[in-house]
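[1] sequence first, then the predicted structure:
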Amino acid sequence: DARVTQTPRHKVTEMGQEVTMRCQPILGHNTVFWYRQTMMQGLELLAYFRNRAPLDDSGMPKDRFSAEMPDATLATLKIQPSEPRDSAVYFCASAGRRHPEAFFGQGTRLTVV
Amino acid sequence: AQKITQTQPGMFVQEKEAVTLDCTYDTSDPSYGLFWYKQPSSGEMIFLIYQGSYDQQNATEGRYSLNFQKARKSANLVISASQLGDSAMYFCAMREGTNAGGTSYGKLTFGQGTILTVHP
C-alpha cells in the first residue's frame, strides 16, 4: 500500500530547540511538497522539490527553516531555533511523474512551548 | 501569481441531498490542474478529484464531480447523495504548469477551505 510516511507524528519541544521532521515520499514520485497548516493561515506551501532539486522555498522563513532532499526517498524540514509561533501541523506530500495530484502524509503536529 | 478562492466558510446539507462547494481561481497560465481534497476531523488530507485545463469533459469520481467552467474560472465540487461521512473540510487547489499529459512542474496552492456538515 503506497503512502507518504512522515515522522514523528507528534513533537513537543521547548523554544530554541532544533526540530527535524522527516518525510518518505511514495516510491517513484519525483515531486515533494512541504506545507504548514494553522487555523489562522490555512495551508501554506513552505517549499517544494522536483527530482530532489528545490524549485521554490519562498514560503519558508529562511532565517530558521531549511528543507532538503538528501536522496529520493527522504525529505527533511528543519527549524532552528524553534519558536512558539511555529506550532502547527506540517504536511509532506508527493506527486508522480505523470500524475499531477499530490498524496499527503499524516502530518507532524508540532508544539513549541 | 496563482490564487484560489473559496467563498463559503461553511455549508450545510441534508443527508442524501446533493451539495455544491464553490471554487474560483486566477491564473494566466493556460496549462493548469485543479484539485479537490477532503480533510476529515482526523486531520488526514484525502485527494478526491482532478481536472486538467485541457480536459473537455468534467471530471467525475463516484459521487464526486467537478463542474469546470473555464471561461468563468470556476471549478465547483458537486457531491451527490450526501452521507454523514462526508462531513469534513474541503479544499480546492490548483497547480500551474500542468500539461495535457499530466506532467506538472508547478507548485500546488490551496484555497482556505469550506467546512461541510451533513445533517441526518
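    It's in.

[2] if I look at B:Leu116, how far off is B:Gly85?
    11 Å (Cβ to Cβ, to the nearest Å). In short, each C-beta sits where N, CA and C put it, glycine included.

[3] can you list the neighbours in contact with the helix or strand containing A:Ala67?
    Element membership for A:Ala67 (DSSP states H and E) is strand A:65-71. For strand A:65-71, the surrounding residues in contact (Cβ atoms under 8 Å, 6 or more residues apart in numbering or on different chains) are A:32, A:34, A:46-47, A:49, A:52, A:54, A:57, A:60, A:75-80.

[4] low-confidence stretches in chain B?
    Within chain B, the stretches with pLDDT under 70 are B:1-2.

[5] for A:Arg9, what are its contacts?
    Contacts of A:Arg9 (Cβ under 8 Å, 6+ apart): A:Gln106, A:Gly107, A:Thr108, A:Arg109.

[6] pull the number of nearby residues for the second one.
    When neighbours are counted by other Cβ atoms under 10 Å in any protein chain shown, A:Gly107 registers 22.

[7] measure it to A:Met60 for me?
    According to Cβ to Cβ, A:Gly107 and A:Met60 sit 17 Å apart.

[8] list the residues that contact the residue positioned nearest the centre of chain A.
    Among the residues of chain A, A:Trp34 comes closest to the average C-alpha position under Cα atoms, centre = their mean, at 3.5 Å. By Cβ under 8 Å, 6+ apart, A:Trp34 lies in contact with A:Cys23, A:Leu45, A:Leu46, A:Ala47, A:Tyr48, A:Met60, A:Ala67, A:Ala75, A:Leu77, A:Tyr90, A:Phe91, A:Cys92.

[9] need the three-state assignment for the spatially most distant residue from the centre of chain A.
    Largest separation from the mean C-alpha position in chain A: A:Arg98, at 22.1 Å (Cα atoms, centre = their mean). Using DSSP: H, G, I helix; E, B strand; the rest coil, the structure places A:Arg98 in coil.

[10] which positions in chain A make contact with chain B?
    Counting by Cβ under 8 Å from any Cβ of the partner chain, the residues of chain A close to chain B are A:31, A:33, A:35, A:42-43, A:45, A:48, A:50, A:55-56, A:89, A:91, A:93, A:95, A:97-104, A:106-107.

[11] between the contacts of A:Trp34, which is closest to B:Gln69?
    Lowest distance from B:Gln69 to those (Cβ to Cβ) belongs to A:Leu45, with 25.6 Å.

[12] so that closest one lies in a helix, does it not?
    No - assigned with three-state DSSP, A:Leu45 falls outside any helix and is strand.

[13] how about the residues of chain B near chain A?
    Within chain B, the positions near chain A by Cβ under 8 Å from any Cβ are B:33, B:35, B:37, B:43-47, B:50, B:52, B:91, B:95, B:98, B:101-105, B:107-113.

[14] quick check: the spatially most central residue of chain B vs chain A, distance?
    Closest residue to the average C-alpha location of chain B: B:Trp36 at 3.1 Å, with Cα atoms, centre = their mean. According to Cβ to the nearest Cβ, to the nearest Å, B:Trp36 and chain A sit 10 Å apart.

[15] and that residue, bridged to which residues?
    B:Ile49, B:Cys92 (DSSP bridges).

[16] now swap in B:Lys3 and tell me
    Counting by DSSP bridges, B:Lys3 is bridged to B:Asp26.

[17] list the contacts of it.
    Contacts for B:Lys3 (Cβ under 8 Å, 6+ apart) come out as B:Tyr25, B:Asp26, B:Thr27, B:Thr109.

[18] from those residues, keep the buried residues only.
    With burial judged by 16 or more other Cβ atoms under 10 Å in any protein chain shown, the buried subset of these is B:Tyr25, B:Thr27, B:Thr109.
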